[in-house]
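Colleague: Sequence first, predicted model second:
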Amino acid sequence: MSLAALTALLAAAGALLLLWGAPPWLPFVLAVVVVGAQWALAPYLIAWLIPAYELPRTTGGYDTFEYDVRGYPRTRLLAETVARRCREAGVEPVRLGVVDDGTPNAFTFGHTRGNARIYVTRGLLDRLDERELDAVVSHEVGHVRQNDVVVMAIAATVPIVLYYAYLALRDSRQQTTVVPALVSFVGYLLSQLVVLSLSRARELGADHYSCRVTGDGDALCSALVSIGFGMGQVDAERASRTTAAHAGKDKGLQRAAAKEERRASRLRAAGLLGIADSRQGATVLAATERGLEPTEVIGALRWDTCTPWARFSQLFSTHPLVVRRIAALEDSGLPGAPQRWSARDVGASCSGPDLDRARRRFLPELVVRYAPFLALAVGVVAWSSEDWELLAQAAAAGGLALCVRTALQRPLRAAEPTGRIAALLPRLDANPASGIPVEVRGHVTGRGMPGYVLSPDLVVQDESGFVPVLYQQPWPFARSIFGLLRVPDLLEQEVVVRGWYRRTPAPVLELRELVPAQGRRVRGFAWVAAYVLSLVIALAGGITWWLLMLAG
């Protein structure tokens, strides 16, 4: 359960206890007990829901022989790297697992340093080179060394304890009014923002730790771009083919691999001769050396750097934006601070008519996104004061606002065919409030939450990058059932996906229709429910308002 969901659940339970006359100390005990139980049980639930092969531990290291036989020779490199970095950090070798999922990711969980686990996906091993893998492993070991799991578990109790303190100490004469509830919500939101800010700070701390111990901030930057935007797959596959060719005895494969590597080197050299804007020289250099398309990398990072939506959305995120992480490493003053990757170079591109349009649209889009919630707040006030006419007006206005919001997020015009998934990344007109109807082609490389057996979301990859595809339905349990029963049949299939591309701030594609190479097509109906619900609310509110006016 996420921190936000857990806090909301505890807030509701504690408020009910106080309203029912429970002693003021009981909600505090509830918060501590539930958060403590989550901290105690979460590692076992994660290990159960995300199956992984855990490498047997030996004295100071891991036994990789069995897993190598099963087809993942890079696991030996992973195990050696993790063992070395744990030794340098002064912690026991963590429980190391490999998740059989093509989505690149790595994460840390556990109770304390003594029983921490690091899980790495197959997609990460396939995609990153040795330097990048070392940087990512060091980042995760940094979380273990800093006891971040414990820190965030303690932090999760702070907003709820403050919320209960307010409920217990407020003036009893206000208990039947709605104002304290609204004030409590604002207090909860602000304290939750503080917890999210702490989470982002811990991520930056782990980045700095990785940079300090590896002395290679550039490797971490390129890994963040590869993981965050799915770039670099072609380069990784070429490196894998080259390694396999040299390991074997087939001279034909060796000649083909050498020819492909020479061609790639010529392309990289051509990219360094001034093809891109000189203001972005360092980042272009880093991108071309990694085998990435410089204009697409700059475009992806430009959204993070220049748009108002990026700065606003980051407030509600547990992780900093990729470009913010690069900037923090640049400004760290560490000996291994990045020299090739530069957030300042990307910042120099913050101009142009597309950015001007994005900035002009920000405030209207922000109003459209949150207007339904404002109408809901007015409706709650009207309900508490038994002002039925105001309630009907709020329903009519809220329904119309919800309809406009849905039309902006999920416009009904025809989908635009997209030749390269990475070509979507520079689109500044995509944001949490505005969607772009698109059609993409690729293969399903993994789940949105790697390895999680109930994850219904997919990751679709082409030669340029990947995009998470969100499966949304209006009825309960549909997502979990789809993740359990249908997703296994879709993995590694070629697919055509139509839906709405947004930045939230991560790139996502909400599924409207998915056509696999084999099997029946998949459709999402959440957009239909959103349109119907908004129109029903607007009509019900409008008709009720009209009838009340006639009666008055």
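Modeller: In hand now; what should we look at?
Colleague: what kind of secondary structure is Trp309 in?
Modeller: At Trp309 the chain is in helix, as set by DSSP: H, G, I helix; E, B strand; the rest coil.
Colleague: For it, give its distance to Gly352.
Modeller: Going from Trp309 to Gly352 by Cβ to Cβ, to the nearest Å gives 16 Å. For glycine as for every other residue, the C-beta is placed from the backbone atoms N, C-alpha and C.
Colleague: And those two? Which one has more around it.
Modeller: Neighbours were counted for Trp309 and for Gly352 using other Cβ atoms under 10 Å; Trp309 has more, 27 against 12.
Colleague: for the more buried one, what are its contacts?
Modeller: 358, 362, 365, 431-433, 503, 505 (Cβ atoms under 8 Å, 6 or more residues apart in numbering).
Colleague: tell me which of those residues is nearest to Ser464?
Modeller: Nearest to Ser464 among the contacts of Trp309: Arg503, at 16.9 Å, using Cβ to Cβ.
Colleague: ok, that closest one touching Ala433?
Modeller: No - Arg503 is beyond contact range of Ala433, at 10.1 Å (criterion: Cβ atoms under 8 Å).
Colleague: Select the longest strand from this structure.
Modeller: If you go by DSSP state E, the chain has its longest strand at strand 436-447.
Colleague: who does that strand pair up with?
Modeller: Paired strands of strand 436-447, with direction, are strand 416-417 (parallel), strand 458-461 (antiparallel), strand 494-503 (antiparallel) (DSSP bridges).
Colleague: for the last one, which positions count as buried?
Modeller: Read it as strand 494-503. Buried positions in strand 494-503, judged by neighbour count with 16 or more other Cβ atoms under 10 Å: 495-503.
Colleague: Please enumerate the strands of the chain.
Modeller: Taking DSSP E to define them, one finds strands in the chain at 53-54, 57-58, 61-62, 95-99, 106-109, 117-121, 416-417, 436-447, 458-461, 466-470, 494-503, 507-516, 522-523.
Colleague: Residue ranges in this protein under the pLDDT threshold?
Modeller: Counting by pLDDT under 70, the chain shows low-confidence ranges at 1-28, 66-73, 160-188, 231-295, 552.
Colleague: Could you list the domains of it?
Modeller: Annotated domains of the chain cover 3-48+149-214, 50-145, 222-347, 364-552 [automatic domain parsing].
Colleague: for the shortest one, the distance to its chain's centre please.
Modeller: Meaning domain 50-145. 21 Å (Cα atoms, centre = their mean, to the nearest Å).
Colleague: Straight-line length of it, end to end?
Modeller: End-to-end distance of domain 50-145 (Cα to Cα, to the nearest Å): 23 Å.
Colleague: Determine which stretch of the strands of the chain is the most buried.
Modeller: strand 458-461 (a mean of 26; mean count of other Cβ atoms under 10 Å).
Colleague: would you put the C-alpha positions of that one in CSV?
Modeller: Listed next in CSV are the C-alpha coordinates belonging to strand 458-461 (Å, rounded to 0.1, in the frame of the first residue of the first chain):
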residue,chain,number,x,y,z
LEU,A,458,2.0,-3.2,-19.9
VAL,A,459,5.2,-1.8,-21.2
VAL,A,460,5.3,-1.6,-25.0
GLN,A,461,8.8,-1.3,-26.6
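Colleague: residues in contact with that strand?
Modeller: Contact with strand 458-461 is made by 102-103, 230, 233, 421, 440, 442-448, 466-469, 471, 487, 490, 495, 497, 509, 514, as judged by Cβ under 8 Å, 6+ apart.
Colleague: can you check stretch 526-536 too?
Modeller: Residues outside stretch 526-536 that contact it (Cβ under 8 Å, 6+ apart) are 399-400, 402-403, 405-407, 410, 472-474, 500, 510, 512.
Colleague: Buried ones from the residues you listed, can you make that a PyMOL selection?
Modeller: The following PyMOL selection, which keeps only the buried ones among these, applies the criterion 16+ other Cβ under 10 Å:
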select buried, resi 399+400+402+403+405+406+410+472+473+500+510+512
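Colleague: okay, the contacts of stretch 526-536 in TSV with distance to Val136 next?
Modeller: Output for these, formatted as TSV (distance: Cβ to Cβ, whole Å):
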residue	distance to Val136
Gly399	47
Leu400	47
Leu402	41
Cys403	44
Arg405	37
Thr406	38
Ala407	40
Arg410	35
Gln472	30
Gln473	34
Pro474	38
Trp500	31
Glu510	29
Arg512	34
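Colleague: Closest to Tyr209 out of the contacts of stretch 526-536?
Modeller: Nearest to Tyr209 out of the contacts of stretch 526-536 is Glu510 (Cβ to Cβ; 35.8 Å).
Colleague: Let me know whether the closest one touches Arg410 as I believe.
Modeller: Yes - between Glu510 and Arg410 a contact is recorded at 7.2 Å, counting by Cβ under 8 Å.
Colleague: Can you pull the residues that touch both of these two?
Modeller: Shared contacts of Glu510 and Arg410, defined by Cβ under 8 Å, 6+ apart, are found at 435, 500, 527.
Colleague: From Leu490, how far out is the last one?
Modeller: Okay, so that is Trp527. Computed as Cβ to Cβ, the Trp527 to Leu490 distance reads 20 Å.
Colleague: And for Ile326?
Modeller: 34 Å.
Colleague: Please apply the same query to Asp304.
Modeller: 30 Å.
Colleague: what about the nearest residue to Arg447 once chain neighbours are set aside, neighbour count?
Modeller: Among residues not flanking Arg447 along the chain, Ser455 sits closest, at 4.1 Å (Cβ to Cβ, 6 or more residues apart in numbering). Residues near Ser455, counting by other Cβ under 10 Å, number 24.
Colleague: Next, Ser455: phi, psi?
Modeller: Ser455 adopts backbone torsions of phi -70, psi 120, taken as degrees, to the nearest 10.
Colleague: quick one: contacts for it?
Modeller: 447-449, 483, 487.
Colleague: Out of these, which two sit at the greatest distance?
Modeller: Using Cβ to Cβ, the contacts of Ser455 reach their maximum pairwise distance at Met449 and Val487, which is 10.9 Å.
Colleague: before we move on, the earlier item: the strands of the chain: which one's closest to Thr75?
Modeller: Nearest to Thr75, of all the strands of the chain, is strand 95-99, at 6.0 Å by Cβ to Cβ.
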